[in-house]
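Sequence and predicted structure, then a few things I'm wondering about:
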Amino acid sequence: MGLLGFMHDLTDNHFKVSSRLLTVLLSFGPPLAISLVYPDIFLKALDVVGGVGIVVLFGILPCIIGIKKASGSMKRYLCVFFLLLFGLFLVLELAQEGGVLHIRPHVEYWKHDIGEELDHK
């Protein structure tokens, strides 16, 4: 609804065209075309927002607030330390999302049959 309202204001005030059909086409056309060309874009966007957003919202912003509100220098240094730590996490997350770094969990596949395990030794 917000996008429809924005497009209505844009077409009505900027282009001086008041057409409900044009507003709907401008609102739903580009997202539909992008989702048809690249169907996994929603999952990729969730991945980026999940990783980067969580680090910024729950790591970096509280550290910045802590630096501003710290009463002593020791508390301020502690907040700066955690800000640098969460900054490192942010860089790692951005590197992974950018394809520079590939972090994968180390998963071993356990064999359930003991006889097979002894045969491989």
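Here it is on my side, so go on. Residues are numbered from 1 along each chain as shown.

show me the contacts for the residue lying closest to Glu93 once chain neighbours are set aside.
Distance criterion C-beta to C-beta, 6 or more residues apart in numbering; nearest residue to Glu93, sequence neighbours excluded, is Gly51 at 4.3 Å. Where you see a C-beta, it was placed from the backbone N, CA and C, and this is true even at glycine. Residues near Gly51 by C-beta atoms under 8 Å, 6 or more residues apart in numbering: Glu93, Gln96, Glu97.

quick one: least confident helix or strand in the chain?
Here the helix or strand of the chain ranked lowest by mean pLDDT, DSSP states H and E is helix 114-119, holding a mean of 54.

follow-up on the earlier one: I'd like the contacts of Gly51 written out as a markdown table, with secondary structure and pLDDT added.
Listed next are the contacts of Gly51 as a markdown table, based on DSSP: H, G, I helix; E, B strand; the rest coil; pLDDT from 0 to 100:
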| residue | secondary structure | pLDDT |
| --- | --- | --- |
| Glu93 | helix | 90 |
| Gln96 | helix | 87 |
| Glu97 | helix | 86 |
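
Closest one of those residues to Phe86?
Glu93 (10.2 Å; C-beta to C-beta).

Pretty sure the closest one sits against Val55.
Yes: between Glu93 and Val55 there is a contact at 5.9 Å, judged by C-beta atoms under 8 Å.

Most neighbours among the contacts of Gly51, which one is it?
Neighbour tally across those (other C-beta atoms under 10 Å): the maximum, 21 neighbours, falls on Glu93.

Among the contacts of Gly51, pick out the one closest to Val17, please.
Glu97 (38.9 Å).

List the contacts of the closest residue to Ser19 other than its chain neighbours.
Using C-beta to C-beta, 6+ apart and skipping residues adjacent in sequence, the residue nearest Ser19 is Thr11, 6.8 Å away. Neighbour list for Thr11: Val17, Ser18, Ser19, Leu22, Thr23, Leu26 [criterion: C-beta under 8 Å, 6+ apart].
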